[in-house]
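Student: using only what follows, build the 3D model:
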Amino acid sequence: MNDSGKRMVVFYGSQTGTAEEFATRLCKEARYYGISAMSADPIEYDIETLKELKEVEDHIAVFLMATYGEGEPTDNAVQFHEFIKNEETELHGLNYAVSSSYSTFCKSK
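Tutor: Below you'll find the model as predicted:
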């Protein structure tokens with residue numbers, strides 16, 4: 001993130017492409033309002049560098065994570081899900097946003 005000059009990164013977990021499309025739209029809207037933004041497929045992103053995002057002034061990470069079945073993470077978000085669930089993962093100081101309209105499936109296993 002520091003190297004890219006972006007202040008906002010939108011991670012998407014998508015099985016059918018809907019979350020990816022929403023991520024792309026959100027980045028486009030952010031740029032319209034003067035916020036440098038990028039979307040990221042968590043399987044192609046070194047998720048360990050998420051900790052470095054805290055060093056970017058006025059940063060925010062947005063997580064648009066679809067689920068399928070009984071709330072399982074999408075194929076491209078399995079590693080991210082394991083990273084977040086790890087008790088040793090320390091993201092203190094990270095500004096982030098999470099949204100879901102499915103309260104039943106917000107409790108990912």
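
Student: for the protein, which residues score under the pLDDT cut-off?
Tutor: Low-confidence segments of the chain, defined by pLDDT under 70: 1-5, 99-109.

Student: could I get the full set of strands for it?
Tutor: According to DSSP state E, the chain carries its strands in the segments 8-13, 37-40, 60-65, 67-68, 72-73, 96-98.

Student: helices or strands up against the first one?
Tutor: Using 3 or more Cβ pairs under 8 Å, 6 or more residues apart in numbering; DSSP states H and E as the contact criterion, the elements in contact with strand 8-13 are helix 18-32, strand 37-40, strand 60-65, helix 78-85. C-betas here are computed from N, CA, C, even on glycine.

Student: then the second one?
Tutor: The criterion is 3+ Cβ pairs under 8 Å, 6+ apart, and the helices and strands that strand 37-40 contacts are strand 8-13, helix 18-32.

Student: just confirm Val62 contacts Phe11, I think it does.
Tutor: Yes. Between Val62 and Phe11 there is a contact under Cβ atoms under 8 Å: 7.0 Å.

Student: overlap of the contact sets of these two?
Tutor: Ala23 (Cβ atoms under 8 Å, 6 or more residues apart in numbering).

Student: stretch 79-86: which residues count as buried?
Tutor: Neighbour-count burial for stretch 79-86 flags 80-81, 83-84 (criterion: 16 or more other Cβ atoms under 10 Å).

Student: need the contact list for the closest residue to Thr16 other than its chain neighbours.
Tutor: Leaving aside its sequence neighbours, Thr16 sits nearest to Ala66 (Cβ to Cβ, 6 or more residues apart in numbering; 7.6 Å). Ala66 makes contact with 12-16, 18-19, 74, according to Cβ under 8 Å, 6+ apart.

Student: and those residues, which are buried?
Tutor: Buried members of those, counted by 16+ other Cβ under 10 Å: 12-15, 19, 74.

Student: list just the nearest of those residues to Glu48.
Tutor: Gly13 (17.4 Å; Cβ to Cβ).
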